[in-house]
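Peer 1: Structure for this input, please:
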Amino acid sequence: MIELDRDAMTPMYVQLANALRDRIRRGEIPVGRRLPSQSELEVETGGVVSRRTIKSALELLAAEGLVQGVQGKGVFVIAVPPPAE
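Peer 2: Below you'll find the predicted structure:
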């Protein structure tokens, strides 16, 4: 389950991106593996986020060079983020 705080100052999509980034860093989702689908992420967050929020989180990770979408297949991890400071 991914816990997100609606009342936090950090936007929901950033919280979700942070949670996914941490999973990648810890090796829970290794390089070459597919991230959970948008519908799977909706379930993991307890349905508190919209598909647009999930899409924004994935776009943020893609902009960081951590994931890449493959048409018809999903979003895959292509790099591990540096250790958290």
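Peer 1: got a list of contacts for the helix or strand bottoming out on mean pLDDT in the chain?
Peer 2: In the chain, no helix or strand scores lower on mean pLDDT, DSSP states H and E than helix 38-44, which sits at a mean of 94. Identification of contacts with helix 38-44 by Cβ atoms under 8 Å, 6 or more residues apart in numbering yields 1-2, 16, 35-36, 49, 51, 54-55. Yep, even glycine has a C-beta here, placed from its N, CA and C like the rest.
Peer 1: cool, and stretch 49-58?
Peer 2: By Cβ under 8 Å, 6+ apart, stretch 49-58 touches 4, 12-14, 16-17, 20, 35, 38, 41-42, 67, 69, 75.
Peer 1: Take the residues you listed and lay them out in TSV including secondary structure and distance to Leu61.
Peer 2: Output for the contacts of stretch 49-58, formatted as TSV (DSSP: H, G, I helix; E, B strand; the rest coil; distance: Cβ to Cβ, whole Å):
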residue	secondary structure	distance to Leu61
Leu4	coil	16
Met12	helix	14
Tyr13	helix	10
Val14	helix	11
Leu16	helix	9
Ala17	helix	6
Leu20	helix	6
Leu35	coil	8
Gln38	helix	13
Leu41	helix	12
Glu42	helix	17
Val67	strand	5
Gly69	strand	10
Val75	strand	8
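Peer 1: Looking at those residues, state which has the most neighbours.
Peer 2: When neighbours are counted by other Cβ atoms under 10 Å, Leu20 leads those with 27 neighbours.
Peer 1: Contact partners for that residue?
Peer 2: So Leu20 contacts 29, 35, 57, 61 (Cβ under 8 Å, 6+ apart).
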